[in-house]
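S.K.: give the three-dimensional model of this entry:
(2 chains)
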2 protein chains.
Amino acid sequence: MRITGFSIRDIRFPTSDEQHGSDAMNSAPDYSAAYLTLETNQPGLQGNGLAFTIGRGNEVCCAALNAIAHHAINRSLESIVADSAAFSNALTGDDQIRWLGPEKGVVHLAAAAVINAVWDLHAKASGKPLWRLLAEMSPEEIVRCVDFRYLSDALTPDEALALLKEAEAGKEARIETLLADGFPAYTTSAGWIGYSDEKVRQLCLSAIDDGWNHLKMKVGTSLDDDLRRAALIRETIGPDRSLMMDANQVWEVDEAITHIKRLAEFRPLWIEEPTSPDDILGYAAIADAVKPIKLAAGEHCQNRITFKQLMKLGAIDFCQIDSCRVAGVNENIAIILLAKKFGIPVCPHAGGVGLCEQVQHLAMFDFIALGGPLDGRLIEYVDHLHEHFLDPVTVRRGRYVAPDKPGFSIEMKQHTLRQYEYPGGPVWRRRVG
Amino acid sequence: MRITGFSIRDIRFPTSDEQHGSDAMNSAPDYSAAYLTLETNQPGLQGNGLAFTIGRGNEVCCAALNAIAHHAINRSLESIVADSAAFSNALTGDDQIRWLGPEKGVVHLAAAAVINAVWDLHAKASGKPLWRLLAEMSPEEIVRCVDFRYLSDALTPDEALALLKEAEAGKEARIETLLADGFPAYTTSAGWIGYSDEKVRQLCLSAIDDGWNHLKMKVGTSLDDDLRRAALIRETIGPDRSLMMDANQVWEVDEAITHIKRLAEFRPLWIEEPTSPDDILGYAAIADAVKPIKLAAGEHCQNRITFKQLMKLGAIDFCQIDSCRVAGVNENIAIILLAKKFGIPVCPHAGGVGLCEQVQHLAMFDFIALGGPLDGRLIEYVDHLHEHFLDPVTVRRGRYVAPDKPGFSIEMKQHTLRQYEYPGGPVWRRRVG
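M.R.: Numbering: from 1, shown residues only, chains lettered A, B, ... in the order given. Take a look at the predicted model:
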């Protein structure tokens, strides 16, 4: 099978109308996706990938996709899959593109979309959901997916192989566990900053009704507001459920320490993104000062090199990989291996557009291929925009049900693509004028 | 005066024809610029900014400029200049754009172009070259240009003010020194990796003839090649001239240590970019292992937060700011202040398209406003593409002559804009088809 062409669509959802997704850094986001389709010479078979962005950011990401997607064209799927690290390197090391990063920001989001589209295609062609395709690969095959560049001082191919081999024995049993129990999750849908206290309380109660035992709130506007909302939520959800707090990068290092110490009374399971995601030493200083309160980060960690450093310093306690912030499946495998080496649970970031659909596969691969307990792992869940996907996530009583359709669950409905394309789709033509 | 509109042009130069600019990461670069013009309601007065990129990367940067340049439109220059940190924040914190960074990569390059275009306009309107406009600002005015977000654990506004006030006394004398002696520089034009040994030798000899005492070579292909070329250059330039070595990020941490120890016999003034610019802990490990050999970095350091950490750890000995990697003049002032606090000389990265023209202003501001000796500071010089600028750099006997025309020396000739616009300009129409 050959990849014969590609198309890119600028898809935007008017989520800002209802303040969904509002947080300390984002007051009125229109969740968007730069959406890639890889076409093949096999009728009905296509690969899809996307970069989650916000509003105007989408057009920049579409431009980046346009500048790199040709790497996949006129290639056989087999030739890419035979050395997918080389394919990933061709995208991230493209010397007309690398200057714009390297390996970060817009060009890395676009690389993620292309790489993930190839994996979607691979999984569809294999007739398996991606999590199973990955989990059933041999340790050697998995290690060959990884670019160890800039990692060798923390993780070598031999060490990675050993970690995978060590976990090989229990794979089948873990697949059974996953299929029977689902994967633990937490919900972010109750705690957006733009919601009123009463709405937050109602949403917490209905989340509890739905079986959620882990809930996340946004913090970081004013300390008084944060304390009031934290008290409200803790009181509503009771002492035994987990409460996470997400500051979305708003604090200075000293400020983070002060605020976290005050918020500690509400017993957060973690504090997420207390400061700039680039400030590795800042994270380390905060982590040290607020112990035993734990820190989480990852949705804005630009690449494996940043994760490596955060882990080396013990600056994060939870590793929040994102399916399309770093260079897709391949770089996420690298980060999952790093997390295993450093003993840090992988709790993917999700939400946005199609992130839940994607990250579930990575989290399930992590559990099956690398072992360790299922408890302590958590996938984020946000209840928006799933209706636009052909294979939306299924969540039951606070747990993700393992998907069984072939692919990476990343393909959007044709109706959605027509309705929400910017600026020509009917939804936007109405709004724009 | 009001900014009334903007235009963006994709300008590319076919530099790959001659292997100019080749290094360990870039085999055939076409140096390019995403070129911004801010139009005003004052006839003949415009502000220009650019992002230096390579080939296809340029169209991604143009898209980013398109997504943010509107922030400058329908603003009076006075209102922007009165609080330029707020203007800079509006660009880098634009919540439809921030997700793509934050503050890094394509969106940050675009922010640099817009911010620098406003400074170019401001300097032109003031009738002063930018270095003089900046140097003549009061310490209070300079501090007000800086966004201290994520810096307060390393540098507070009060500390910055104290550094500037301490240096205020000698300003006039330093301006006289600069005007009389020029600013020390080094040349990179002899040592590109794609050049033959004989070409390198000839270029070194002619650089010496032209008065250069500081020369930089590229390293990082194979150790044998590096050693052979280093021996050749050291022999050609003699024992007393400075030789810098630039590895362009190709080494792993351990590999860097091994290679640098072997290259030490040729007495490099610094080793530049030994590994990933994101690997702050890697830099610290290398710096520690190769002492007293010194490290330099900056052209790919994504923002002030990365510089802060490198400096905190003593991981760099030379701070290579870039005029359009970080968010333009404002963020560069922040980095220059950090460097002063940590006692690290600022030696700007240049070359590319118009980088020499721009960074000279920043280096001269650094010297005048923050004091300390002129010796030990160095601006990079590459002898390409200056002919396309209205106010090209003047270099005499290895030193930059302070520019005296109003502005940021960033405006391109109309002829160049017509000839090299991609893909419609005559130079590209010929090549593309």
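
S.K.: please save the CA atoms from stretch A:169-181 in PDB.
M.R.: C-alpha atoms of stretch A:169-181 as PDB (Å, rounded to 0.1, in the frame of the first residue of the first chain):
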ATOM      1  CA  ALA A 169       5.700 -11.900  31.000                       C
ATOM      2  CA  GLY A 170       2.400 -10.300  32.200                       C
ATOM      3  CA  LYS A 171       1.300  -8.700  29.000                       C
ATOM      4  CA  GLU A 172      -1.600 -11.100  28.300                       C
ATOM      5  CA  ALA A 173      -2.900 -10.900  31.800                       C
ATOM      6  CA  ARG A 174      -2.800  -7.100  31.600                       C
ATOM      7  CA  ILE A 175      -4.700  -7.000  28.400                       C
ATOM      8  CA  GLU A 176      -7.400  -9.100  30.100                       C
ATOM      9  CA  THR A 177      -7.500  -6.700  33.100                       C
ATOM     10  CA  LEU A 178      -7.800  -3.800  30.800                       C
ATOM     11  CA  LEU A 179     -10.600  -5.300  28.800                       C
ATOM     12  CA  ALA A 180     -12.500  -6.300  31.900                       C
ATOM     13  CA  ASP A 181     -12.000  -3.200  34.100                       C
END
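
S.K.: off-centre distance for that stretch?
M.R.: Its chain's average C-alpha position is 23 Å from that of stretch A:169-181, according to Cα atoms, centre = their mean, to the nearest Å.

S.K.: ok, the nearest residue to A:E252 once chain neighbours are set aside - contacts?
M.R.: Leaving aside its chain neighbours, A:E252 sits nearest to B:S152 (4.7 Å; criterion: Cβ to Cβ, 6 or more residues apart in numbering or on different chains). For every residue, glycine as well, the C-beta is placed using N, CA and C. Contact analysis of B:S152 by Cβ atoms under 8 Å, 6 or more residues apart in numbering or on different chains lists A:E252, A:V253, A:D254.

S.K.: residues contacting the nearest residue to A:M412 once chain neighbours are set aside?
M.R.: Nearest in space to A:M412, with sequence neighbours left out and distances taken as Cβ to Cβ, 6+ apart, is A:H388 at 5.4 Å. By Cβ under 8 Å, 6+ apart, the contact list for A:H388 reads A:F13, A:V353, A:G354, A:M412, A:K413, A:T416, A:Y420.

S.K.: now do A:D147
M.R.: A:A85, A:S88, A:N89, A:T92, A:N330, A:E331, A:A334.

S.K.: reformat the residues you listed as TSV; add distance to chain B.
M.R.: As requested, the contacts of A:D147 are exported to TSV (distance: Cβ to the nearest Cβ, whole Å):
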residue	distance to chain B
A:A85	16
A:S88	16
A:N89	12
A:T92	12
A:N330	17
A:E331	13
A:A334	13
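
S.K.: can I get those in JSON lines with neighbour count?
M.R.: Listed next are those as JSON lines, based on neighbours: other Cβ atoms under 10 Å in any protein chain shown:
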{"residue": "A:A85", "neighbour count": "18"}
{"residue": "A:S88", "neighbour count": "26"}
{"residue": "A:N89", "neighbour count": "16"}
{"residue": "A:T92", "neighbour count": "28"}
{"residue": "A:N330", "neighbour count": "26"}
{"residue": "A:E331", "neighbour count": "26"}
{"residue": "A:A334", "neighbour count": "28"}
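
S.K.: one step back: give me the pLDDT for the residue nearest to A:M412.
M.R.: On pLDDT, A:H388 comes in at 98.

S.K.: next one: phi and psi at it?
M.R.: phi -90, psi 0 (degrees, to the nearest 10).

S.K.: then A:I305?
M.R.: When read as degrees, to the nearest 10, the backbone of A:I305 gives phi -70, psi -40.

S.K.: which residue does chain A have closest to chain B?
M.R.: At 2.4 Å from chain B, A:G105 is the closest residue in chain A, using Cβ to the nearest Cβ.

S.K.: how about the residues of the stretch 201-350 of chain A by chain B?
M.R.: Taking Cβ under 8 Å from any Cβ of the partner chain as the criterion, the stretch 201-350 of chain A approaches chain B at residues A:249, A:252-254, A:275-282, A:285, A:300, A:302-303, A:305-306, A:308-309, A:312-313.

S.K.: from those, which land in helices?
M.R.: Members of these lying in helices (criterion: DSSP state H): A:V253, A:D254, A:I280, A:L281, A:G282, A:A285, A:I305, A:T306, A:K308, A:Q309, A:K312.
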